[in-house]
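# sequence? don't have it. structure:
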């Protein structure tokens, strides 16, 4: 038990994303995704109202940012227009290992805000949980993902579009969020006692199952779903 706890502590890591250029005046607008409002719940929260609020919040998304490392060991993302910093929280060896492979490359970022934006003079800081993936390039073909939903007999009831873009890799955090958000807004999930079930992601060499009675655990946030153009996303409602 102690060994497992120590291992978890070793891999609980925080990645610093730092805005590095033009300083803003106090009255100038901060036109990035910090319009998102912080809403954080525990990993094992099962209250349906809390899950609905969590999965319908505005996510933080940033595209095509440069990821690099300073001598102090911190990893940064460069922003060209803002005096802005953020911490993206990562847990687990796989999540951290994925980020390590992206140093000195352009990346895309997806996350959910954990704390309200803090401001000290002209510097803004956000804290969120999410993932960092290789940036999409013009050569990456666009594709759409649909989330299917089935009843207890495995019969397909319907499907809704949950993602359209050209990212070569998606994180479990983004797929989990977009699938649940889509079904909540269409009154499928967490509606009329449809509160439990599984989210399954298969195809393209992937095989993931997520419990819908609680939020995705943080150590899975930056786990990669590869070949997303080939995956099937389905919700099996209990």
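That came in fine, so what should we check first? Only a predicted model underlies this, so the values are computations on that prediction, with no experimental measurement involved.
# which parts of this structure are helices?
Listed in chain order, the helices of the chain (DSSP state H) span residues 2-11, 48-54, 93-100, 172-185.
# count of residues packed around residue 151?
13 (other CB atoms under 10 Å). Every residue, glycine included, has its C-beta placed from N, CA and C.
# looks like it contacts residue 157 (just checking).
Yes: the pair residue 151 / residue 157 is scored as a contact, 5.9 Å apart, by CB atoms under 8 Å.
# adding mean neighbour count, write the helices of the chain out as TSV.
What follows is the helices of the chain, written out as TSV (neighbours: other CB atoms under 10 Å):
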stretch	mean neighbour count
helix 2-11	10
helix 48-54	16
helix 93-100	16
helix 172-185	22
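# mean pLDDT and distance to residue 60 for those helices - can I get that in CSV?
CSV is the format used below for those (pLDDT from 0 to 100; distance: least, CB to CB, whole Å):
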stretch, mean pLDDT, distance to residue 60
helix 2-11, 35, 23
helix 48-54, 95, 14
helix 93-100, 79, 16
helix 172-185, 97, 11
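# can you put the ones you listed in a markdown table and add distance to residue 166?
Formatted as a markdown table, those follow (distance: least, CB to CB, whole Å):
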| stretch | distance to residue 166 |
| --- | --- |
| helix 2-11 | 31 |
| helix 48-54 | 27 |
| helix 93-100 | 19 |
| helix 172-185 | 14 |
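# show me this protein divided up by domain.
2-134, 143-237 (automatic domain parsing).
# lowest average pLDDT across those?
Among these, domain 2-134 has the lowest mean pLDDT, at a mean of 67.
# quick one on the thing from earlier: pick the most buried one from the domains of the chain.
Among those, the stretch with the highest mean neighbour count (mean count of other CB atoms under 10 Å) is domain 143-237, at a mean of 18.
# does residue 181 touch residue 55 like I think?
Yes: if you go by CB under 8 Å, residue 181 and residue 55 touch, sitting 5.3 Å apart.
# how about residue 91: what's its closest non-neighbour residue?
residue 219 (4.2 Å; CB to CB, 6 or more residues apart in numbering).
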